[in-house]
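> structural data only, the sequence is not supplied:
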């Protein structure tokens with residue numbers, strides 16, 4: 001099963017739409033959004049897939065976003081998501097709380113931990129945990145997403 005990981009759309013539909021096109025190209029089955037969603041329009045763009053969301057530090061209208069996410073068939077977790085897909089345990093948080101992010105990474109409970117916030121790609125392996133920050137779809141030199149094959153844990157960063 002392939003999943004797409006996106007972050008930091010900040011309500012900008014143009015880059016979210018480009019990301020959605022790439023996600024379709026890779027035939028992803030689920031999308032994870034690591035926060036700073038920014039608008040209900042972004043939620044609608046990712047409604048083509050079962051999409052999992054956490055909020056980011058600039059997501060001020062959380063109630064409105066949560067209602068739209070539910071209306072579009074997505075799942076809203078708040079600050080931290082604990083997801084199981086294809087037998088893999090995935091943790092997700094925005095990343096604006098570095099101590100929380102490090103606890104998740106070091107817990108050894110997750111096969112994959114995803115975060116955003118920095119607007120910079122960061123991929124590393126910590127023990128058996130793959131850690132991915134896919135970069136950002138707004139306010140970044142390169143607008144990027146991540147694709148992960150949950151069976152093999154093969155991953156790529158894709159510029160949109």
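Okay, I see it. Quick caveat: nothing in here was measured; it's all calculated off a predicted structure.
> any stretches of the chain with poor pLDDT?
Counting by pLDDT under 70, the chain contains no low-confidence segment.
> next, name the residue at the spatial heart of it.
The chain has residue 33 as the residue nearest its centroid, 2.9 Å off, counting by Cα atoms, centre = their mean.
> that one contacts residue 54, doesn't it?
Yes. Because the distance of 7.4 Å satisfies Cβ atoms under 8 Å, residue 33 is recorded as touching residue 54. For glycine as for every other residue, the C-beta is placed from the backbone atoms N, C-alpha and C.
> which elements pack onto the longest helix seen in the chain?
Ranked by number of residues, the top helix in the chain under DSSP state H is helix 13-25. When contacts are defined as 3 or more Cβ pairs under 8 Å, 6 or more residues apart in numbering; DSSP states H and E, helix 13-25 packs onto strand 2-6, helix 40-45, strand 144-149.
> quick one: the shortest one to helix 13-25, angle?
Using axes from the mean of the first three to the mean of the last three Cα atoms, to 10 degrees, the direction of strand 2-6 lies 170 degrees away from that of helix 13-25.
> go on, the last one?
Angle of strand 144-149 versus helix 13-25, following the same axes, to 10 degrees, is 20 degrees.
> after strand 144-149, which helix or strand is next?
Counting by DSSP states H and E, the element after strand 144-149 in chain order, helix or strand, is strand 155-159.
> parallel or antiparallel, which strands does that next one pair with?
Its sheet considered, strand 155-159 pairs with strand 144-149 (antiparallel) by DSSP bridges.
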